[in-house]
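1. Output the structure for:
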Amino acid sequence: MAGCDILISGTGGFAARIAFDIAATAREPVGIVIAGRNAERLNWLRTAANARAALFGTPARFTVHGVDLLATDASDQVLAATGPRIVVQAASIQTSQVIAQSGNAWTRLVAEGGLSATAVFQALISSRMAAAITRSGQPVTLVNCSFPDVVNGMIRAMGHDVAGGMGNVAILSNVFTGSRATPAGAQIKVLAHYQNLAAWRRKPQDRHARPPRVWLDGEEVVDVYARFADIQLTPEPVIEISGASGVPMLLAMAAGRSWRGHVPGPNGLPGGYPVRLTGGTLDLDLPEGVTEAEAVAWNASFEESNGLVVRPDGRVLFTGLLGDRIAGHVPALRDGFSVRDLEPVCDVLLQLRSELEQA
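-> Sure, this is the predicted structure:
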């Protein structure tokens, strides 16, 4: 294959949302390869995406590449075979639907300790893809869709580049922009960690957790919950927004255009931020008066209280209630692990997940 503009790694609902919205909104010619193992699913995604491009009259064209993304050399193989300029990594060994599931000890651990219980699983394929890009020596932009608020910091600690992710902060920035409480044409900027999403899945009267920070036309909103009380997210992942949220950025990257919006995990930072894309590079686009150090510290504080923290020396620590829960099952992880040991730790936690799913 001569090369493509965008490689979508994965065939699940998130990957499909990205492909279908590219098909509907592309304005410049763009070639996309969708990679995964399930031949029937790949054929359907190709068929539906090309049909949507025809339906909406857009110059997007989709092909597919069959590969077992969990195979040891899969990332190297798919990069060599497809030659992408941008990789959108949307495959994971842990479904995001776990946030809406219940009935076993694993889902209870995630509900009580937080979604960072799944971070190692989310990082597995993404870290392999990042390493393969580094080995290739090619200027490939990586957009990681698997838990980017936390996983992108792990990728960065491994010595690899990652431009950013999708969803999370971009879910909130876009629903706030679409709220009846936001004046038409107002500029909105949001600092938000993925942990901020949970409150918006509850009824307005039940939203008590620390809220995201929101600025409208440069003025910070004093009471975010009251201002945006009309916003209500679903209990399950809001793929209709999150999967779509990165599409304008991807199309701008592919076309070499500038863009402004919101991204989780830009350049491996924790949490989500307003950003601008210029010359193919994502930079923070913070509200006036907010420093990068302040914004990063605010986002980092969520995982420091409860979740998963990546220290500057590459040590990964489970914190807070999640740290207690994980250590209760795997005492060897009480003091965390080196990010270089991600894969053996993943094996240990997969065994734990299997056991807890039976309990």
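
2. pLDDT score assigned to G103?
-> As predicted, G103 sits at a pLDDT of 74.

3. what about it, distance to Q358?
-> 11 Å (C-beta to C-beta, to the nearest Å). Using the backbone N, CA and C atoms, a C-beta is placed for each residue, glycine as well.

4. go on, V330?
-> Taking C-beta to C-beta, one finds V330 at 17 Å from Q358.

5. Same drill for these two, tell me which one is more crowded.
-> Between V330 and Q358, counting by other C-beta atoms under 10 Å, V330 is the more crowded of the two (16 against 8).

6. Is it correct that that one is in contact with Q351?
-> No: contact criterion C-beta atoms under 8 Å: V330 and Q351 do not qualify, at 9.2 Å.

7. show me where the stretch 201-350 of the chain has helices.
-> 224-227, 239-245, 247-255, 292-305, 320-329, 342-357 (DSSP state H, counting those that start in this stretch).

8. Turn those into CSV, including distance to T47, mean neighbour count and mean pLDDT.
-> Shown next, in CSV, are the helices of the stretch 201-350 of the chain (distance: least, C-beta to C-beta, whole Å; neighbours: other C-beta atoms under 10 Å; pLDDT from 0 to 100):
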stretch, distance to T47, mean neighbour count, mean pLDDT
helix 224-227, 42, 17, 98
helix 239-245, 19, 21, 94
helix 247-255, 20, 21, 98
helix 292-305, 40, 17, 98
helix 320-329, 42, 17, 96
helix 342-357, 34, 15, 95
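
9. Could you dump those into TSV with distance to N50 added?
-> TSV is the format used below for those (distance: least, C-beta to C-beta, whole Å):
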stretch	distance to N50
helix 224-227	41
helix 239-245	18
helix 247-255	17
helix 292-305	39
helix 320-329	43
helix 342-357	36
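
10. Look up how far G268 lies from R202.
-> With C-beta to C-beta as the criterion, R202 and G268 are 30 Å apart.

11. Then V64?
-> 30 Å.

12. Please apply the same query to V224.
-> 26 Å.

13. next one: R207
-> Taking C-beta to C-beta, one finds R207 at 30 Å from G268.

14. who's more crowded, these two?
-> G268 (21 against 18).

15. for the stretch 101-250 of the chain, which spans come out with low pLDDT?
-> Within the stretch 101-250 of the chain, the segments meeting pLDDT under 70 span 101-102.
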